[in-house]
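S.K.: attaching a predicted model along with its sequence, questions to come.
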Amino acid sequence: MTYLEQQLAAISRVSPDIELHNLVSPWGQIGPLPGAVETVRIRSVPTRFLYEQTRLPLRKFDLLYCPANFGPLLGRRPMVLTLHNAHYYRTGLKLKGTEHLRPWWKVKANHLAMRRADAVVAISNSQAEEAIASVPDIAHKLYVIHSASPDWPRTCVRRENLPDDYVLTVASSATHKRTVDVVAGWANFLDNTAWGLSLVVVGSTTPEQTKQLVRVAGRHRGLLKMIGPIFDRSQLRHVYENAQAFVSMSQLESFPLTPVEAASVGCPMVLSDIPAHREVSQGTALFVRPGDALGQSRKLDLLIGGNASGCHPAPWPVSWDDNARSLVRVFSSVSAALT
């Protein structure tokens, strides 16, 4: 949602002559958008697919922008498709324990939509490589348009019950985020140091995951602070700015936004060594083999102790206006080719 809100606002800024008409679902938790906003009365994901394939091709538009992996498979109207889900391509298709995130029909629908689209946008170089490895015949129409550095509110607001000294991670219910590895590495770090740093976990977890994280924290469970989702971005900025370090042990990403957010406010990072983390951090992080809790503990010790070199975070150089200009050029190219 952050991606869409900030991207569409930037499109409106850099190209105000574009008339935006946004179709949103009733359950989409999205903020104010530029242009017209129409809520499409669909009840579930299956009915969304039904709408996209039967009703959407009949709508009147000059160009259809589908920013979330799927689009109509029929019809001849111009369409630009943006890829976000790394589970539908080479590495993601082989990742164990995430099969529920990539049902065969979704993978098939995404690959067909890529073939149908007039242009396909990948949000990172690493994602582009993965997509082409799975669907080679889209290479001639694939563009890499990086996601952007966040637009933060100018002011920060302290979150209630936030500890003074803490390491930060952002969790979700998705198993590939490997929040349990973050907790294990942090607990091991506390076992072997005099530092008494809390671990702040922002984001949603299931009750079962919460029990598992508390269990892995062991005798340090009192320092594990699970504060849930933060919807106020002024509070989220404060959480990033005041963390001693940001940690992500995710196994799979397309364009990991959280390291970009951390780097934008100067927060040092310990990241799993995957291509997307290397790309967005620009190498200015400490890297750990995925699943290596002991390695994460050692990197935290270097970082917190001030003995790490070469990991001062570099702000991501792409702004949302840069992103929007590149996307508008693709829109124009597609429209020109079909007129």
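M.R.: Yep, that arrived. Numbers count the residues shown, from 1 in each chain.

S.K.: every contact and neighbour count from this point should use C-alpha atoms.
M.R.: Fine.

S.K.: bridged to the residue nearest to residue 141 when sequence neighbours are not counted, which residues?
M.R.: If you skip the residues right next to it in sequence, residue 141 has residue 119 as its closest partner in space, 5.1 Å away by CA to CA, 6 or more residues apart in numbering. Taking DSSP bridges, one finds residue 80 as the beta-bridge partners of residue 119.

S.K.: what packs against the helix or strand harbouring residue 260?
M.R.: Counting by DSSP states H and E, the element that carries residue 260 is helix 257-264. The criterion is 3 or more CA pairs under 8 Å, 6 or more residues apart in numbering; DSSP states H and E, and the helices and strands that helix 257-264 contacts are helix 233-241, strand 245-248, strand 269-272, helix 275-281.

S.K.: any chance of these in a markdown table, plus mean pLDDT?
M.R.: Shown next, in a markdown table, are the helices and strands packed on helix 257-264 (pLDDT from 0 to 100):
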| stretch | mean pLDDT |
| --- | --- |
| helix 233-241 | 95 |
| strand 245-248 | 96 |
| strand 269-272 | 96 |
| helix 275-281 | 96 |
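
S.K.: out of these, which is closest to residue 42?
M.R.: helix 233-241 (28.7 Å; CA to CA).

S.K.: what helices and strands are in contact with the closest one?
M.R.: For helix 233-241, the contact count by 3+ CA pairs under 8 Å, 6+ apart identifies helix 257-264 as packing neighbours.

S.K.: tell me the angle the helix it packs on makes with helix 233-241.
M.R.: 70 degrees (axes from the mean of the first three to the mean of the last three CA atoms, to 10 degrees).

S.K.: contacts for the longest helix seen in the chain, please.
M.R.: If each helix of the chain is counted by residues according to DSSP state H, the longest one is helix 320-337. Residues from elsewhere that reach helix 320-337 (CA atoms under 8 Å, 6 or more residues apart in numbering): 6-8, 10-11, 13-15, 62-63, 78, 80, 118-119, 145-151.

S.K.: among those, which are in strands?
M.R.: When DSSP state E is applied, the contacts of helix 320-337 are split such that 80, 119 fall in strands.

S.K.: hmm, residue 243 and residue 166 touching each other?
M.R.: Yes. Taking CA atoms under 8 Å as the contact criterion, residue 166 and residue 243 are neighbours in contact, 5.6 Å apart.
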